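>>> test case, fold it:
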Amino acid sequence: MGKFLMSTAFATELATVSTAPLLRRVDGVTALTLALVAFEVGWVLVGLRHEWPHPGFGWLPVVAIAALAAYACWKASVRLDLAAATRRFWRTLALACAVLTVGEVSNMRDALGGPEPTQYISPLTLGILVVVVLIMIWAMLRLPVWQRTRGDWTRFGLDAGVLLITCGGLLWRLWLHAGGAWSRQNLAMLAVCALALVAVIALVKVTFAGTGGLNRRSLHVLAGGVALAAMSGALSPLFAEHPYLTTSFLAGPVSGLATVIAAGLQIRSAGPATECRPDQRFSVLPYIAVAAMTALLVAGEFDDGPEQVTVALCVAAITALVVIRQISALRDNTRLLATVDANLSQLREYQTELDHQISHDALTGVANRERFAEQVTARLATGGPFHVAMLDLDDFKVINDRMGHGTGDALLRTVSRRLREGLRPQDVVARQGGDEFTLLLPDLDDEAAARLLNEVLDRVQETLSLNGSDLEPRVSIGVTASRPGDTPEELVRRADVAMYAAKNTGGGRCTWFDPIMDQLADADAKLAADLRQALTRDELFLLYQPIVELPHGRLAGVEALVRWRHPEHGLVSPAVFIPLAERNGHIVELGRWILREAVRQAAEWERAYGDNAPEKVSVNISARQLREPGFVAEVAELLRSSGIDPHRLVAEVTETAVLGTGEALEAVRDLHALGLRIALDDFGTGQSSLSLLVDCPVKVLKVDKSFVDGVTGSSTQAVIVNGLIGITEGLKIEAVAEGVETADQAYRLHKMGYRLAQGFHFARPMAGSDIELLLTVPADRKVRQA
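Predicted structure coming up:
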């Protein structure tokens, strides 16, 4: 019964180890071990019937098998294709087998050292066997197993206690039933067997708990061999009348053969074994143990001796341990269920958060474009009336460049919050990207939608304070009503077209889509395509507007202005095609052509007229050009190839293009380092900042026409113009008054202290050849007196 109990845990796995492949692949060590085991089994069987004249021959195979087991384990430990932990396990097991070999030699000396053969085991031999078992347990503990909790280790200890009590009780019962005596020698042997069973329990538990490098079937075979060797101690009473025989003749060969076979399985495994998940079959062993002890109790129920009481106590102890084990498992399962519930709740929260992240904008928290399209699609399916609006922040990039992206993000969050607060609960706000938002307004007629959008416009454009600065955001809104057959894309497109129409009319307003806008958009698209071709068809040309000295009107310089003679439409206004180039990305190529042509003309004038050539040639540089990689290097190469004096070239930039500390401002500084003079154009029309006059290397300040128009009265513009001349004089930079149209304006500007001006009062933009007429005779260089 004891052998049955210890073998049931791995009997199924052992059955899967086919003997045919083993027979085909038996190596020399295994074959020699099998031969020695067969000899030893025959020796014991014959010795039970007849006394051998030379009992020493029975000990030699035992010692040899132990040595062969040590060699087989060492062979497995040097396999380089095995994991380090696996090699370490077999190396430790080889040490245990080597110590066992010494123990078997000591046991042989104990048995044959006297005048007659004896089964006596000396304390030295017992100590060596204990060391062998401890080394095996040490090897088990060093194996990397599947991660276990404290409850798992508690149940393992309880299982080990159950199996130890069961096996001990069975051994004790079998021992007494066979006539064993309660001698110190026998008790010591039983203690060694019990310790060996601990090693078996650890080995089986490791086998079923999962390992990261050991062959599982190898462990099963090893566990079976060690278990059978441990159980063989119960057979000692059978050899009481045969002193020349000992249980070592069975325990040593069985455990040695199992070790050799296990090492062979590990060596023949294809590379390191994969990590195994825990196997639950080991958990049934405590119940088998209870059943075995209960059967033993029932089988001896008619015995009145103390043995039956001991068996009953073992059954009670085992039952108590199993109950404790079940309580521990129940507590762990309760905690596991609580953990699973918590994980499921957390998973649902994560799922909700993930769904929100998928359908909402991370920065503002409003819906994203995909979610907006879904809402519009659903609304289209219902067939009810609704409106779609597109909202865009005016000059948002300027705010980003001037105050940083952190402030820009804060502005977007504030705008989205104001939108949600200003709209109804059923309305949908979505961020399309950048500074564009879309609105879905269901169940409103046109008048109600217009009223709501105007309220939203006013709310969004309220002054706000961000990072210590007051901002007055301006937005442009385009809106369209749904029509049968619409798609989400078409509705957003129409709203976008209307929004750009609002921007083109000054921004800060709400504009409704009109079908004519599509025609205008188509015309813009065709004009943009024509503009792309104009650069290669010589349809562009430059005019030069004189910049004169006040009051006598002497020519001080010129400003290059581009014009486009369209083959079908004639002259196209710069106010039309330059914004078009900005929107379509052609401004960089257009600006490159203007700069190249102006430098060419300036170089010609310099070669032809020398000192009489215009002192300054001003060229407008767009913000896109300043941010273009390699722009400064391109200008440097143009100056080098043309041979023009860099100080003769003036780069005119707008304050919005360089406001802040971004790439554009760095490019302006690099242009100044090349020798170009920097002019700040249209000063006062954008988001003016006097600090720009310090941050940017400005040498010329061009006062916008909107201020010059009011210079002859007592208006605020006159005060500003008068103040600006004081600033320029203090900073030692030139001031140029733009858009001078009357003699009175010229006179008042001169009286204020302005010495440079340009405008139709002096001359309209003219061709380069007309400028040359002003250069031929010094007296003729006087354009018009102020």
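>>> show the model's pLDDT score for residue 283.
According to the prediction, residue 283 has pLDDT 59.
>>> low pLDDT regions in the stretch 551-700 of the chain?
Scanning the stretch 551-700 of the chain for pLDDT under 70 picks out 659-662, 684-689.
>>> what ranges do the strands span in the stretch 601-750 of the chain?
Counting by DSSP state E, counting those that start in this stretch, one finds strands in the stretch 601-750 of the chain at the ranges 616-620, 649-654, 677-683, 698-703, 734-737.
>>> so where's the stretch 201-350 of the chain uncertain?
The stretch 201-350 of the chain contains residues with pLDDT under 70 at 201-213, 230-244, 270-287, 289, 292-293, 296-311.
>>> distance to residue 480 and mean neighbour count for the strands of the stretch 601-750 of the chain - can I get that in CSV?
In this view, the C-beta of every residue, glycine as well, is placed from N, C-alpha and C. Below are those laid out as CSV (distance: least, CB to CB, whole Å; neighbours: other CB atoms under 10 Å):
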stretch, distance to residue 480, mean neighbour count
strand 616-620, 36, 24
strand 649-654, 33, 23
strand 677-683, 34, 22
strand 698-703, 40, 24
strand 734-737, 44, 26
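>>> any chance of these in CSV with distance to residue 719 as columns?
Below are the strands of the stretch 601-750 of the chain laid out as CSV (distance: least, CB to CB, whole Å):
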stretch, distance to residue 719
strand 616-620, 27
strand 649-654, 23
strand 677-683, 15
strand 698-703, 13
strand 734-737, 15
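>>> who wins for proximity to residue 755 among those strands?
strand 734-737 (7.6 Å; CB to CB).
>>> ok, the closest one: who's next to it in the sheet?
strand 698-703 (parallel), strand 756-757 (parallel) (DSSP bridges).
>>> how about CSV for these, with distance to residue 729 added?
CSV is the format used below for those (distance: least, CB to CB, whole Å):
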stretch, distance to residue 729
strand 698-703, 11
strand 756-757, 13
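>>> looking at those, which is nearest to residue 476?
Using CB to CB, the nearest of these to residue 476 is strand 698-703, at 27.5 Å.
>>> do me a favour and get the end-to-end distance for stretch 564-577?
This stretch, stretch 564-577, spans 8 Å end to end (CA to CA, to the nearest Å).
>>> centre of the chain to it, how far?
Mean-position distance between stretch 564-577 and its chain equals 52 Å (CA atoms, centre = their mean, to the nearest Å).
>>> picking up where we left off before, which of the strands paired with strand 734-737 sits closest to residue 773?
The nearest among the strands paired with strand 734-737, by CB to CB, is strand 756-757 at 20.7 Å.
>>> which SSE is immediately downstream of that closest one?
Downstream of strand 756-757, the first helix or strand assigned by DSSP states H and E is helix 768-776.
>>> give me the element residue 598 is part of.
Take DSSP H and E as the rule and residue 598 turns out to sit in helix 587-609.
>>> quick check: buried residues in that helix?
For helix 587-609, the buried set under the neighbour-count rule, 16 or more other CB atoms under 10 Å, comprises 587, 590-592, 594-603, 605-606.
>>> with respect to residue 331, which of those is nearest?
Distance to residue 331, by CB to CB, is smallest for residue 587 among those, at 74.1 Å.
>>> strand partners of the longest strand along the chain, parallel vs antiparallel please.
Longest strand in the chain, counting residues (DSSP state E): strand 555-566. Strand 555-566 has its sheet partners listed here by DSSP bridges as strand 540-549 (antiparallel), strand 570-572 (antiparallel), strand 616-620 (parallel).
>>> how about those strands in JSON lines, adding distance to residue 165?
Formatted as JSON lines, the strands paired with strand 555-566 follow (distance: least, CB to CB, whole Å):
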{"stretch": "strand 540-549", "distance to residue 165": "103"}
{"stretch": "strand 570-572", "distance to residue 165": "104"}
{"stretch": "strand 616-620", "distance to residue 165": "99"}
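>>> hey, which of these is tucked in deepest?
Most buried of the strands paired with strand 555-566, by mean neighbour count (mean count of other CB atoms under 10 Å): strand 616-620, with a mean of 24.
>>> give me the contacts around that one.
Strand 616-620 has contacts (CB atoms under 8 Å, 6 or more residues apart in numbering) with 544, 547, 556-561, 591, 594-595, 598-599, 601-602, 648-653, 677, 679, 681.
>>> stretch 633-640 too?
For stretch 633-640, the external contacting residues (CB under 8 Å, 6+ apart) are 592, 595, 596, 599, 646, 649, 671, 674, 675, 676.
>>> tell me where the stretch 1-150 of the chain is predicted with low confidence.
Low-confidence segments of the stretch 1-150 of the chain, defined by pLDDT under 70, span residues 1-26, 52-55, 114-119, 144-149.
>>> thinking again about what came up before, minimum distance to residue 399: which of the strands of the stretch 601-750 of the chain has it?
Closest among the strands of the stretch 601-750 of the chain, using CB to CB: strand 649-654, at 15.4 Å.
>>> elements contacting the closest one?
Secondary-structure packing of strand 649-654 (3 or more CB pairs under 8 Å, 6 or more residues apart in numbering; DSSP states H and E): helix 587-609, strand 616-620, helix 623-627, helix 663-674, strand 677-683, strand 698-703.
>>> that one pairs with which strands, parallel or anti?
Partners of strand 649-654 in its sheet, by DSSP bridges: strand 616-620 (parallel), strand 677-683 (parallel).
>>> wait, residue 614 touches residue 775, no?
Yes - assessed by CB atoms under 8 Å, residue 614 is found in contact with residue 775 at 7.5 Å.
>>> okay, those two: which has more neighbours?
Ranked by neighbour count (other CB atoms under 10 Å), residue 614 and residue 775 place residue 614 first, with 24 against 17.
>>> hang on, the earlier thing: which two among the contacts of stretch 633-640 are spaced furthest apart?
Maximum distance among the contacts of stretch 633-640 (CB to CB): 19.6 Å, for 592 and 675.
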